[in-house]
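S.K.: test case, fold it:
(chains A and B)
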Amino acid sequence: EAGVAQSPRYKIIEKRQSVAFWCNPISGHATLYWYQQILGQGPKLLIQFQNNGVVDDSQLPKDRFSAERLKGVDSTLKIQPAKLEDSAVYLCASSLEAYEQYFGPGTRLTVT
Amino acid sequence: AQSVTQLGSHVSVSEGALVLLRCNYSSSVPPYLFWYVQYPNQGLQLLLKYTTGATLVKGINGFEAEFKKSETSFHLTKPSAHMSDAAEYFCAVIEGGFKTIFGAGTRLFVKA
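M.R.: This is a model prediction of the structure:
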């Protein structure tokens, strides 16, 4: 089966610009996660969807970050405007059963 | 609040030697525990998980981990390291719900 797809793989933007990331989960997976992984740290959950509803977004900086999951399948994560501290790898994951997550390759964002 | 502590941000072993990566967690209820591996420029891949039942769990690539409730530990071991094991390893916990908390990671180096 195809894995979790993410695009783009790499993105470089200037601070105060906007950026969007796309994720296509494994077919049939109801739960979708977005994580932020800063260099040298473990992934931090930004938002978790169950189908197209938000389960947890307690660590999402809502003044600049937004996410949606269209029709319970694909998802986009947007940052507007970006700050230098947003430089990180953004990981998307999906799961069928609770708990066991399958990760995409990530999008490496550099904000200059 | 739940947390995960991985002792040692870097571990270096010789090829053929025992691999031991340490993970301790804090949880007020029996947790679900995971080890993930991340190779350079890739997403995370599940190595093994503990949910219920046998406390010694076996995973892929010859790794295993033992859940010790009295020590609140879930250390990862492999009897004989291989060069291909060089990667970053993350311990993660879910406590009684759905939110995954990751440790900061341990980078494993394998010397020839």
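S.K.: and the helix or strand of chain A with the lowest mean pLDDT, does that touch chain B?
M.R.: Confidence across the helices and strands of chain A bottoms out at strand A:53-56, with a mean of 90, counting by mean pLDDT, DSSP states H and E. Yes - contact of strand A:53-56 with chain B (C-beta under 8 Å from any C-beta of the partner chain) involves A:V55, A:D56. All C-beta atoms are positioned from the backbone trio N, CA, C, and that covers glycine.
S.K.: got the buried residues for that strand?
M.R.: In terms of neighbour count (16 or more other C-beta atoms under 10 Å in any protein chain shown), strand A:53-56 has its buried residues at A:D56.
S.K.: equivalent analysis for stretch B:104-112, please.
M.R.: Of the residues in stretch B:104-112, B:G105, B:T106, B:R107, B:L108, B:V110 count as buried by neighbour count, 16+ other C-beta under 10 Å.
S.K.: let me see the contact set for the first one.
M.R.: What it means is B:G105. By C-beta atoms under 8 Å, 6 or more residues apart in numbering or on different chains, B:G105 lies in contact with A:G40, A:Q41, A:G42, B:Q6, B:S9, B:Q38, B:E88, B:Y89, B:F90.
S.K.: tell me the mean pLDDT for whichever helix or strand comes after the least confident helix or strand of chain A?
M.R.: Using DSSP states H and E, the helix or strand that directly follows strand A:53-56 along the chain is strand A:65-69. Strand A:65-69 comes out with an average pLDDT of 96.
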